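Trainee: my questions concern the predicted model and sequence given below.
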Amino acid sequence: MEFLNELNESQRKAVEYVDGASLVIAGAGSGKTRVLTYKIAYLLKKGIHPTSILALTFTNKAAREMKERIAQMVGERTARYLWMGTFHSVFSRILRAEAEKTGYSKNFSIYDSSDSNSLIKSIVKDLKIDEKTYKAGLVHSRISFAKNNLITPDAYRGNTDLLKADMYSKVPRIVDVYDIYTQRCKLADAMDFDDLLLQTNILFRNHPDVLQKYRNAFSYILVDEYQDTNFAQYLIVRKLSEQHERICVVGDDAQSIYSFRGANIDNILKFKNSYSNAQVFKLEQNYRSTQTIVNAANSLIDKNSEQIRKNVFSEKEKGNLIKLLSTFTDLEEGVVVADSINQLRRKQGYSYQNIAILYRTNSQSRVLEEALRKKAIPYRIYGGLSFYQRKEIKDVIAYCRLINNHNDEEAIKRIINVPARGIGDTTVGKLTECAQTHAVSIWDVLQDMLAYNLAVNAGTATKLAGFRKMISFFASQSDSLNAYELVMQIVKMTGIINDTYVDKSPEAMSRQENVQELLKAIHEFCEQRVTAGESANIGDFLSEVSLLTDQDNTDDANTEKVTMMTVHAAKGLEFKAVFIVGMEEDLFPSAYAFESERSLEEERRLFYVAITRAEEQCFISFSKSRFRNGKTTNSNPSRFIKDIDPQYLDAPEEKVQPSWLQRQDESFDFEFERKSFQHQSFSSSKVTKPVERQTAQKLIKIAAREQGTKQVVENKNLPVGAFVKHAVFGIGKVLETTIADGNEKAEIDFGEKGKKSLLLKFAKLELL
DNA sequence: GGAGCCCCGGTTTTT
DNA sequence: CCGGGGCTCC
């Protein structure tokens, strides 16, 4: 097996150990995926049958890429039989296969988060409890937490800790919502994402024979990104592997950034508690980044208390220092980043696709976009609304779901009046209520409206019957037509396709394109399945598409464009140059992270992930003010900057403060005082005074001193409506203030002297 | 039942 | 600033 020579010693050891449980701690850029793929190839070459290998990942993309690499090593004909996929897709397959033991049908629908939220919302409404207190997102995250910890509604009711916690949080009825939510999902023959794991656990618990079957089937189990597993996932893996303990988990505790989604870092930290004989392998050589970047990242993560200590090192060149970029406004930040990108291209020959801009929140992308656009720098933004979350796409999918599973409540509610066919909210409300009282699905009510005493007038009844017949007709076709042919019929007959042709507005055009795109995707899906000799009906399509996100949209990933994404989305990727922007208190770390040391440490890991994306150059920028939620707020450099050993940082020469910023301080005195009166604590030096030259150390000291000071000045702009006095124009009223190219401008009405647009850095205005 | 206005609230998000 | 949801008016 000469391919093992392509590995370094620790990688090779990790690959060759197959006799028992092992934990591979893989530092950033240390060849984690390589170890996994080689290990699978190694097992296959040792004669293990591909169907006995279960490899679990967190994204479809990771699974697909790994499968491709393995196919290259051992051949496609072998690789295709591997059980490789996301937790959710693998276990949804098993749940469908074992449907008669689960209480769900094999055609069960999968509710995505928005389906879950909308169902929760309707339940909260039904229970007549306050919708503001019981916000769908909040309730969903609690339900999700419960499910991830295998706490059923009954167990929840018996758990005094949870009940108390809910009482203190003033949401004591969460448990009722959870209970009803579970019933409604069941009635709709639908599982949400968390159910796929919960129900798998329940299946294994209630049916030891089934568990045993899969234990025997999977003689080797591998788990990628183990630091991101939750309890439900941990237990599935544990149950499947506890007899033979031929399990290998790979991950990096330093890159655990999904605890808000239920991931439990303890799973990796305490792996040895579950598998006491486990061998631990550490991959510590980083092949991605320069020494400076690796060392800087190490010095940062060293500040976390909860971690598995490791010594990540790089043998690449030392490389440039991490450059700190300090600006006064977020607009200026955009300009500086754009300029630096141009410089990287000119002086170092980087191309756009070598460069990424990473931020903490999606909303930061806007200003950056504008700055790049102004300098004609091409970019591509990842994240935001995914393809499958777009309305028109979800509508079409909802038709498919309803045809496949008539009881799917969220699907029927979604499309019963799309395109508009005169079945409004009132009617849907009646239908839902009627279904509730008889404990049946909405579809059941439609089947026999008279028997269920549905109180609608004759016209509405006709429309409902028409809808029901249409869905039944599609369903009757679903055996003879493949997914593509059926969806084609749907979009034509329902008028969805015509709906998108109503006008030539950009929105309508885009919807049209999206539907076409979907049709194309379904077409490809069908062709692939047919080539592989598999069926390609609507159910086959749905079971794939429900667990698909467009993270793996590779359409123009290799084009000449700068990548812009959140740090979360950047995990696993690498770029020659990385800009981490908005490194400010309350933004990164997020203001939400201050509740606990744990969440603060997670933010630090997030920053660690960001830095370690860089191969050669890393830039960290922060701004002294930022436009957020409609307001300009002042901000201080992130505490995390001072966590990095200053010897790896190149701090900026502080520019002389522009006069407009200084005078702004004065003009805002009254606003300043009002606020500081309200909040007792404030420091008078909100803005760093001009400094000729600041070393990294000094700057970091300032960061240290300023962090923790609550912001009191909210609006740096001249207040609209204020009266000002100008040396030449006299007294005027402020109509509007804007910031263009980092310069604050004000539109001021000077009465008979007319309206003037003035740059505040030049106009000597006195606030009256 | 549907279009247009007002008010509120606003992290991250592999499935 | 922005989108979503609730409300009003046709």
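Mentor: Right, received. Where do you want to start?

Trainee: and the residue of chain A found nearest DNA strand C, how close does it get to residue A:363?
Mentor: Per CB to the nearest atom of the strand, residue A:630 is where chain A lies closest to DNA strand C, at 2.2 Å. To be clear about C-beta, it is placed using only N, CA and C from the backbone, and glycine gets the same treatment. Using CB to CB, to the nearest Å, residue A:630 is found at 11 Å from residue A:363.

Trainee: report the rounded mean pLDDT for stretch A:122-142.
Mentor: Stretch A:122-142 shows a mean pLDDT of 89.

Trainee: ok, stretch A:301-312 next?
Mentor: Averaged over stretch A:301-312, pLDDT sits at 92.

Trainee: is residue A:381 in contact with residue A:562, as I believe?
Mentor: No. Counting by CB atoms under 8 Å, residue A:381 sits too far from residue A:562 to count as a contact (9.6 Å).

Trainee: low-confidence ranges in the stretch 601-750 of chain A?
Mentor: Scanning the stretch 601-750 of chain A with the threshold set as pLDDT under 70 gives A:653-720, A:726-728, A:737-745, A:750.

Trainee: write out the residues of it neighbouring DNA strand C.
Mentor: Residues of the stretch 601-750 of chain A found near DNA strand C (CB under 7 Å from any atom of the strand) are A:629, A:630.

Trainee: need the pLDDT of the closest residue to DNA strand B within the stretch 301-450 of chain A.
Mentor: Distances between the stretch 301-450 of chain A and DNA strand B by CB to the nearest atom of the strand are smallest at residue A:424, namely 2.1 Å. Looking at residue A:424, its pLDDT is 85.

Trainee: check contacts around the nearest residue to it once chain neighbours are set aside.
Mentor: Of all residues not flanking residue A:424 in the chain, residue A:417 sits nearest, at 6.6 Å (CB to CB, 6 or more residues apart in numbering). Listed by CB atoms under 8 Å, 6 or more residues apart in numbering, the contact set of residue A:417 reads A:423, A:424, A:428.

Trainee: surely residue A:638 is in contact with residue A:589?
Mentor: Yes. When contacts are counted by CB under 8 Å, residue A:638 is listed as touching residue A:589 (6.7 Å).

Trainee: who in chain A is up against DNA strand C?
Mentor: Within chain A, the residues that sit near DNA strand C (CB under 7 Å from any atom of the strand) are A:131, A:366, A:629, A:630.

Trainee: what's the local residue count around residue A:513?
Mentor: Residue A:513 has 12 neighbours, counted by other CB atoms under 10 Å.

Trainee: just the element for it, please.
Mentor: If you go by DSSP states H and E, residue A:513 is part of helix A:506-531.

Trainee: and the pLDDT for residue A:528?
Mentor: On the pLDDT scale, residue A:528 is placed at 89.

Trainee: surely residue A:325 touches residue A:336?
Mentor: Yes. Residue A:325 lies in contact with residue A:336 (CB under 8 Å); the separation is 5.3 Å.

Trainee: got any residues that touch both of the two?
Mentor: Shared contacts of residue A:325 and residue A:336, defined by CB under 8 Å, 6+ apart, are found at residue A:621.

Trainee: please name every helix or strand in contact with whichever strand or helix holds residue A:142.
Mentor: In this assignment (DSSP H and E), residue A:142 forms part of helix A:136-148. If you count contacts as 3 or more CB pairs under 8 Å, 6 or more residues apart in numbering; DSSP states H and E, helix A:136-148 packs onto helix A:113-126, helix A:174-187, helix A:193-206, helix A:231-241.

Trainee: among those helices, which is nearest residue A:33?
Mentor: Closest to residue A:33 of those, according to CB to CB: helix A:231-241, at 18.9 Å.

Trainee: ok, back up a step: just want to know which of residue A:381 and residue A:562 has more residues nearby.
Mentor: Neighbour tally, residue A:381 and residue A:562, criterion other CB under 10 Å: the higher count belongs to residue A:562, 24 against 17.

Trainee: ramachandran angles for that one?
Mentor: Dihedral pair for residue A:562: phi -70, psi 140, per degrees, to the nearest 10.

Trainee: which non-adjacent residue is nearest it?
Mentor: residue A:379 (4.3 Å).

Trainee: residue A:586 too?
Mentor: Nearest non-adjacent residue to residue A:586, counting by CB to CB, 6+ apart: residue A:635, 6.6 Å away.

Trainee: just residue A:235 next, same as before
Mentor: Using CB to CB, 6+ apart and skipping residues adjacent in sequence, the residue nearest residue A:235 is residue A:201, 5.8 Å away.

Trainee: with residue A:66 instead?
Mentor: Closest residue to residue A:66 apart from its sequence neighbours, by CB to CB, 6+ apart: residue A:37 at 5.5 Å.

Trainee: hmm, the one you found is touching residue A:69, no?
Mentor: Yes. Using CB under 8 Å, residue A:37 is in contact with residue A:69, at 4.6 Å.

Trainee: perfect, that will be all.
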